[in-house]
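Student: I'll drop the sequence and a predicted model, then ask my questions.
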Amino acid sequence: MTERAEAIFFELFEGLPRQGPGSAACTERAFGLCQDLPSAPRVLDLGCGAGAQTLDLVRLGAGSVVAVDGHAPLVARLRERVVELGLEGRVEARVGDMAALERPPLDLAPESFDLVWSEGALYNLGLPAALAVCRRMSKPGGCLAFSEAVWHSADPPEEVREVFAEYPGMGTEQDVRALLEREGWDTLGSFGLSDAAWWDEFYAPMEARLEEMRERYAGDAEALEILRELAREPAMHRRHGATYGYTFFIARRP
Ligand SMILES: C[S@@+](CC[C@H](N)C(=O)[O-])C[C@H]1O[C@@H](n2cnc3c(N)ncnc32)[C@H](O)[C@@H]1O
């Protein structure tokens with residue numbers, strides 16, 4: 001990605017309610033599938049983005065949440081919301097790399113979380129490596145919940161394959177469940193995200209913001225071309241959304 005494309009990408013994404021598909025209803029359903037959590041679980045939210053699900057987790061009963069994301073402006077947005085809501089004692093929003101949780105600046109202790117959470121972010125490390133990270137941070141008997149892109153078709157169209165090329169090793173729901181077992185987790189459940197979870201807080205606001213940005217950048221051919229590329233993803237979902245989806249997986253460390 002060129003520097004300009006990166007700047008416009010972040011301008012688009014930083015202003016969205018969520019940075020990936022998801023909804024409060026899906027977060028609540030996944031939280032409800034966790035088993036034997038203590039009454040005020042300590043939660044680690046990896047790749048929290050602007051923290052929509054972080055705040056939902058607090059509403060659902062998390063005692064405290066450490067929310068980590070590598071992109072500082074998104075963490076800053078979450079911090080502002082935390083202060084507005086008076087949740088400073090319960091949410092710690094940290095900038096850092098989820099592949100280096102135990103090292104500075106994060107310095108998180110292994111086996112110290114009752115619940116490890118991640119919506120649409122584990123693919124950045126590759127799922128096997130990410131599951132190993134989650135396992136190290138989870139207390140024995142702790143739970144893991146994450147959403148991840150999966151194939152719904154054995155033969156998705158070429159443009160869909162291109163967009164998901166950045167998801168190394170993307171598989172089907174069954175593939176992910178098998179991987180969880182291999183990596184030492186007991187699967188407690190899985191469910192597909194509804195279409196509303198793609199549109200209401202992600203693609204619909206993205207398309208509205210793209211429209212705004214097209215007006216703002218009218219006459220700037222380079223910016224308009226970048227915006228045209230970014231608009232391909234929601235348009236593709238409208239055409240081919242049946243061939244892939246996001247699935248929430250809930251598991252427990254034995
Ligand atoms: C698709 S977004 C999902 C954000 C949020 N969970 C949501 O659903 O709205 C993925 C997030 O992972 C973050 N991310 C990617 N690689 C990361 C890494 N190695 N360490 C920490 N965060 C990372 C990105 O900055 C981005 O905010």
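Tutor: That came through fine. Residues are numbered from 1 along each chain as shown.
Student: any idea which helix or strand carries residue 116?
Tutor: For residue 116, the element it lies in under DSSP states H and E is strand 113-119.
Student: and the helix or strand just after that strand, what does it pack against?
Tutor: Where DSSP H and E defines the elements, the next helix or strand beyond strand 113-119 is helix 127-137. For helix 127-137, the contact count by 3 or more C-beta pairs under 8 Å, 6 or more residues apart in numbering; DSSP states H and E identifies strand 42-46, strand 113-119, strand 138-151, helix 173-182 as packing neighbours. To be clear about C-beta, it is placed using only N, CA and C from the backbone, and glycine gets the same treatment.
Student: what's the neighbour count on residue 208?
Tutor: Residue 208 is surrounded by 12 other residues when neighbours are defined as other C-beta atoms under 10 Å.
Student: what about it, which SS state?
Tutor: helix (DSSP: H, G, I helix; E, B strand; the rest coil).
Student: can you pull the residues of this protein lying near the ligand?
Tutor: By C-beta under 6 Å from any ligand atom, the residues of the chain that approach the ligand are 18-20, 22, 47-49, 52-53, 68-71, 74, 97-99, 119-121, 124.
Student: try 5 Å
Tutor: Neighbours of the ligand within the chain, by C-beta under 5 Å from any ligand atom: 18-20, 22, 47, 49, 69-71, 97-98, 119-121, 124.
Student: is it possible to get TSV of the helices and strands packed on helix 127-137 that adds mean pLDDT, distance to residue 14 and mean neighbour count?
Tutor: What follows is the helices and strands packed on helix 127-137, written out as TSV (pLDDT from 0 to 100; distance: least, C-beta to C-beta, whole Å; neighbours: other C-beta atoms under 10 Å):
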stretch	mean pLDDT	distance to residue 14	mean neighbour count
strand 42-46	99	18	25
strand 113-119	98	17	26
strand 138-151	98	21	22
helix 173-182	97	29	15
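Student: which one of these lies nearest to residue 105?
Tutor: Evaluated over these, closeness to residue 105 peaks at strand 42-46, with 15.5 Å, by C-beta to C-beta.
Student: packing partners for that closest one?
Tutor: With contacts defined as 3+ C-beta pairs under 8 Å, 6+ apart, strand 42-46 has these neighbours: helix 52-60, strand 64-69, strand 113-119, helix 127-137.
Student: picking up where we left off before, tell me which of the helices and strands packed on helix 127-137 lies nearest to residue 84.
Tutor: Of all these, strand 42-46 sits nearest to residue 84, with 18.2 Å by C-beta to C-beta.
Student: direction included, what does that closest one pair up with?
Tutor: For strand 42-46, the paired strands and their directions (DSSP bridges) are strand 64-69 (parallel), strand 113-119 (parallel).
Student: reformat those as JSON lines; add distance to residue 239.
Tutor: Listed next are those as JSON lines, based on distance: least, C-beta to C-beta, whole Å:
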{"stretch": "strand 64-69", "distance to residue 239": "30"}
{"stretch": "strand 113-119", "distance to residue 239": "24"}
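Student: looking at these, which is closest to residue 183?
Tutor: Ranking these by proximity to residue 183 (C-beta to C-beta) places strand 113-119 first, at 12.7 Å.
Student: buried residues in the helix or strand bottoming out on mean pLDDT in the chain, which are they?
Tutor: The helix or strand of the chain with the lowest confidence, counting by mean pLDDT, DSSP states H and E, is helix 158-163 at a mean of 92. Neighbour-count burial for helix 158-163, counted by 16 or more other C-beta atoms under 10 Å, picks out 160, 163.
Student: check which helix or strand covers the residue located most distally from the centre of the chain.
Tutor: Counting by C-alpha atoms, centre = their mean, the extreme residue of the chain relative to its mean C-alpha position is residue 219, 34.3 Å from that point. With elements delineated by DSSP H and E, residue 219 resides in a region that no helix or strand encompasses.
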